[in-house]
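Enquirer: Fold the stuff below for me.
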Amino acid sequence: MEREEEPVEFSKILVSKLLQMHLEEDKTKVSGPAVLLLAELLKVFVHEAAARAARQALTEDVSVVDIEHVEKILPQLLLDF
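Expert: Below you'll find the predicted structure:
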């Protein structure tokens, strides 16, 4: 039986606060569409990281993805993004 996936989205407020934390100028404003675009990018990044970590676990014949699998795929993932 296939499981139906629920749509996963990052909160606009969370993305906006994360962005503001890393901007050098406190006066910098971020438009609504920019926040939505960054939220979509984060969603794609997290999905890709999960998929790559799962493939890494499969190549090691392990049924559970662990942080070590994420650490192994992270350098290439960051280069791809």
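Enquirer: Quickly find the element holding the most centrally placed residue in the chain.
Expert: With distances taken as C-alpha atoms, centre = their mean, residue 46 lies nearest the centre of the chain, 2.5 Å away. In the assignment (DSSP states H and E), residue 46 maps to helix 32-59.
Enquirer: Give me the buried positions along that helix.
Expert: Within helix 32-59, the residues that qualify as buried are 35, 38-39, 49, 52-53, 56-57, counting by 16 or more other C-beta atoms under 10 Å. Every C-beta, even on glycine, is put in place using the N, C-alpha and C of the backbone.
Enquirer: Quick check: the gap between residue 75 and residue 14.
Expert: 26 Å (C-beta to C-beta, to the nearest Å).
Enquirer: the more surrounded of those two?
Expert: Neighbours were counted for residue 75 and for residue 14 using other C-beta atoms under 10 Å; residue 14 has more, 12 against 9.
Enquirer: tell me which element that one is part of?
Expert: helix 12-22.
Enquirer: Which secondary structure elements does that helix sit against?
Expert: Applying 3 or more C-beta pairs under 8 Å, 6 or more residues apart in numbering; DSSP states H and E, one finds that helix 12-22 contacts helix 32-59.
Enquirer: I'd like the average pLDDT over the helix holding residue 14.
Expert: Averaging pLDDT along helix 12-22 yields 90.
Enquirer: what's that helix in contact with?
Expert: For helix 12-22, contacts defined as C-beta atoms under 8 Å, 6 or more residues apart in numbering pick out 28, 30, 32, 35-36, 38-39, 42.
Enquirer: Next, the buried residues of it.
Expert: 15-16.
Enquirer: could you give the angle of that helix to helix 32-59?
Expert: Orientation of helix 12-22 against helix 32-59 (axes from the mean of the first three to the mean of the last three C-alpha atoms, to 10 degrees) gives an angle of 90 degrees.
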